[in-house]
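> Return atomic coordinates for the entry below.
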Amino acid sequence: MIYLDNAATTPVNPQVAQVISESLQNDFANPSSLYSIGAKSEMAMDKAREFIAGCIGAKGSELYFTSCASESNNIAIYGLALARKNWGKKVITTGYEHPAVRHPFEFLGEMGFEVVTVNPDKNGIVDENAILDAVDSKTCLVSLIHVNNETGAKIDIEKLTAKIKEKNPRTAIHIDAVQSFMKYPVDVKKLKIESLSFSAHKINGPKGIGGLYLRQGTNIKPVFLGGGQEKGLRAGTENIHYIKGLAKACELLKPNLMANLRHYAQLRAQLLEGLKEFDNVVINSPENGAPYTLNLSFTGYRSETLLHFLDSKGICVSSGSACSKGSRSHTLTVMKLPADRIDSSLRVSFGVQNTADDVTALLLALKEAKEKLQKVKR
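Numbers count the residues shown, from 1 in each chain. Sure thing, here's the model as predicted:
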């Protein structure tokens with residue numbers, strides 16, 4: 001099998017799986033328990049927390065564990081907005097956010113907040129000046145996706161967050177870093193933000209564990225109540241086994257961030273060069289997007305048909321966000337691309353395990369698809 005859908009999820013690294021397996025056998029005690037084996041679990045969790053936090057330049061006390069990035073996004077968005085609603089009820093986001101951000105913003109609108117959405121242009125680029133222009137004295141929250149999950153489009157979060165804070169220092173800023181965490185160097189000390197979300201299963205870790213960075217001293221209203229774990233921000237017994245797995249995944253990637261980016265860039269360049277042989281391929285990703293995600297349209301052929309054909313050849317790609325379950329791409333729709341380009345779109349996303357041979361196999365399979373599949377008649 002050739003797996004080229006790493007923006008959806010990634011295969012668990014065997015070393016990560018081993019850490020989890022050992023923890024399942026040895027760290028069964030509740031970290032909140034007062035007896036010695038509970039204290040042992042808590043110490044292991046705190047050690048992992050410090051290491052993971054250090055990967056983004058944070059303190060251990062600023063990192064909270066959740067079940068996934070979707071939960072992290074919800075906690076941050078609702079918590080930051082509700083804590084500031086007395087003085088400001090304007091919230092701003094982009095038009096190509098993941099559903100875990102987009103839907104909470106829609107609900108904030110139902111709660112009486114003024115929601116401003118800045119859509120990307122036809123090239124997939126969000127006008128950062130338009131975001132900044134929308135910020136005013138009543139803006140309580142801005143939420144930005146660092147790297148778009150469908151096209152790989154990037155936002156210069158260091159530059160933009162600084163400008164937002166210059167315009168309104170009271171505005172809380174949340175960053176969805178799911179597609180950039182442990183892929184790009186991120187130092188929260190250099191970012192003018194309150195919070196940042198990430199997930200383990202995008203970096204060769206397990207599903208079921210995520211993280212939320214919350215800058216020390218940030219005012220946030222807890223929206224997930226229970227036993228008071230995670231300093232009262234996220235109730236529920238901590239998943240020590242997957243926390244240790246997340247730490248191991250970070251440990252394996254941390255020394256190789258730049259080398260991995262160069263590897264992805266080589267694979268992307270190879271794919272783009274090979275696609276020049278096709279007269280029906282249009283690239284939907286911006287040229288300066290993240291090198292590990294490429295969105296293209298194989299015009300004249302429906303995405304679903306192509307996906308099934310490639311799957312029969314042992315190649316896994318997608319047609320957009322994994323959370324869309326095959327529905328039309330939200331990102332390409334708000335980019336206002338023609339229907340035929342949206343309906344024929346494919347997303348290829350690379351992981352650390354992918355090779356040049358994988359790209360060659362994909363190109364050969366696409367050539368065969370063009371020869372064997374019937375074009376869509378319009």
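> three-state assignment of Ser197?
Following DSSP: H, G, I helix; E, B strand; the rest coil, we place Ser197 in the strand state.
> Would you quantify the distance from it to Thr117?
19 Å (CB to CB, to the nearest Å). For the C-beta atoms, the positions are set from N, CA and C on the backbone; glycine is no exception.
> next one: Lys90
For Lys90, the distance to Thr117 equals 12 Å [CB to CB].
> Between these two, which has more neighbouring residues?
Legend: neighbour count by other CB atoms under 10 Å for Lys90 and Thr117, higher for Lys90 (21 against 17).
> Need the pLDDT of the more buried one.
Turning to Lys90, the model gives it a pLDDT of 98.
> so how far is Leu294 from it?
Relative to Leu294, and taking CB to CB, Lys90 is found at 35 Å.
> pLDDT (mean, whole number) over the helix or strand hosting Tyr264?
Using DSSP states H and E, Tyr264 falls within helix 257-275. The average pLDDT within helix 257-275 is 98.
> Could you name the helices and strands sitting against that helix?
Packing partners of helix 257-275 (3 or more CB pairs under 8 Å, 6 or more residues apart in numbering; DSSP states H and E): strand 281-283, strand 293-298, helix 356-372.
> So which elements touch the first one?
In terms of contacts (3+ CB pairs under 8 Å, 6+ apart), strand 281-283 is packed against helix 257-275, strand 293-298.
> closest one to Ala100 among the helices and strands packed on helix 257-275?
Nearest of the helices and strands packed on helix 257-275 to Ala100, taken as CB to CB: strand 293-298 at 17.6 Å.
> Tell me the first helix or strand C-terminal of that closest one.
Strand 293-298 is succeeded, C-terminally, by helix 303-312 (DSSP H and E).
> which residues in the protein form helices?
For the chain, the helices defined by DSSP state H occupy 14-26, 36-54, 69-84, 99-110, 128-134, 157-167, 240-253, 257-275, 303-312, 330-334, 339-343, 356-372.
> weakest of those in terms of mean pLDDT?
Among the helices of the chain, helix 36-54 scores lowest, at a mean of 90.
> and it, which residues are buried?
For helix 36-54, burial by neighbour count (16 or more other CB atoms under 10 Å) applies to 38, 40-42, 44-45, 48-49, 51-53.
> which ones are touching the nearest residue to Gln353 once chain neighbours are set aside?
Distances taken as CB to CB, 6 or more residues apart in numbering place Pro11 nearest to Gln353, at 6.6 Å, with adjacent residues excluded. Taking CB atoms under 8 Å, 6 or more residues apart in numbering as the criterion, Pro11 is in contact with 3, 204, 351, 353.
> re earlier: list the buried ones in the helix holding Tyr264?
Quick answer for helix 257-275 (16+ other CB under 10 Å): 260-261, 263-264, 267-268, 270-272, 274-275.
> tell me the angle of it relative to helix 240-253?
Angle, helix 257-275 to helix 240-253, by axes from the mean of the first three to the mean of the last three CA atoms, to 10 degrees: 70 degrees.
> that older thread, any chance of the helices and strands packed on helix 257-275 in a markdown table, with distance to Tyr184 too?
Shown next, in a markdown table, are the helices and strands packed on helix 257-275 (distance: least, CB to CB, whole Å):
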| stretch | distance to Tyr184 |
| --- | --- |
| strand 281-283 | 21 |
| strand 293-298 | 12 |
| helix 356-372 | 22 |
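> if you compare those, which one is most tucked away?
strand 293-298 (a mean of 24; mean count of other CB atoms under 10 Å).
> which secondary structure elements does it contact?
helix 257-275, strand 281-283, helix 339-343, strand 345-349, helix 356-372.
> Distance from it to the middle of the chain?
On the basis of CA atoms, centre = their mean, to the nearest Å, strand 293-298 sits 18 Å off its chain's mean C-alpha point.
> can you list contacts of it?
Here strand 293-298 makes contact (CB under 8 Å, 6+ apart) with 7, 124, 147-152, 179, 268, 271-272, 275, 278, 280-285, 306, 331-332, 337, 340-342, 344-350, 366, 369-370.
> Pretty sure Leu253 sits against Gly205.
No. Assessed by CB atoms under 8 Å, Leu253 is found out of contact with Gly205, at 9.5 Å.
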